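Student: just to be clear, the model below is a prediction. Sequence and coordinates:
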Amino acid sequence: MKKYLFLMMILCLILGCEETSPSSESTENTTLLTSRKWTVTRVELNTGNGWTDYTENCDLSIEERYLEEGSWERIQHSTRCTAIHLVASGQWTLEADQQTISFYYQGNNYPHQVKIVGLDEEQLVIEEEASQVNNARLRTYFQAIKVP
């Protein structure tokens with residue numbers, strides 16, 4: 001009887017231990033991205049000497065939206081910079097590593113990629129190459145705005 005009980009316990013442990021599948025992480029990241037609007041709170045630049053504040057006033061009026069069907073838009077709301085206008089739009093995908101977002105802008109055939117370095121219900125942090133500065137990285141911080 002003890003043997004059967006012991007075997008049942010081992011079988012329950014083996015069957016009850018499941019690894020988190022990549023698809024569940026993908027679903028969680030996708031849900032976090034699409035259930036919120038994201039407003040820029042800070043931009044940082046790293047040219048090899050650490051991260052420094054690179055935020056401009058106009059950056060703080062930028063809002064991004066990731067939609068479930070794969071479309072994406074960036075809108076700038078500011079009277080300080082320009083009238084309300086669409087800055088960029090296109091398609092987005094979350095790559096297999098669950099940390100890379102590829103943006104496909106209208107008019108470009110190649111993706112622009114950013115790396116998610118932080119994502120939760122309150123904040124999104126992405127990092128990318130800074131095209132205007134050689135060998136530099138940009139890090140953008142967003143605050144979540146829950147979508148009703």
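Tutor: On my side now, so go ahead.
Student: any idea which residue sits dead centre in this protein?
Tutor: Nearest to the mean C-alpha position of the chain, by Cα atoms, centre = their mean, lies Ile116 at 4.7 Å.
Student: isn't Ala88 right up against Gln76?
Tutor: No. Using Cβ atoms under 8 Å, Ala88 is not in contact with Gln76, being 9.6 Å away. All C-beta atoms are positioned from the backbone trio N, CA, C, and that covers glycine.
Student: so if I had to pick from these two, which one is more boxed in?
Tutor: Applying other Cβ atoms under 10 Å to Ala88 and Gln76 shows that Gln76 carries more neighbours, namely 19 against 15.
Student: now the more buried one: how far from Glu64?
Tutor: Distance check for Gln76 against Glu64: by Cβ to Cβ, to the nearest Å, it reads 10 Å.
Student: tell me how far the residue nearest to the centre of the chain lies from Asn29.
Tutor: Going from Ile116 to Asn29 by Cβ to Cβ gives 7 Å.
Student: any common contacting residues for these two?
Tutor: Common contact partners of Ile116 and Asn29 (Cβ atoms under 8 Å, 6 or more residues apart in numbering): Gln98.
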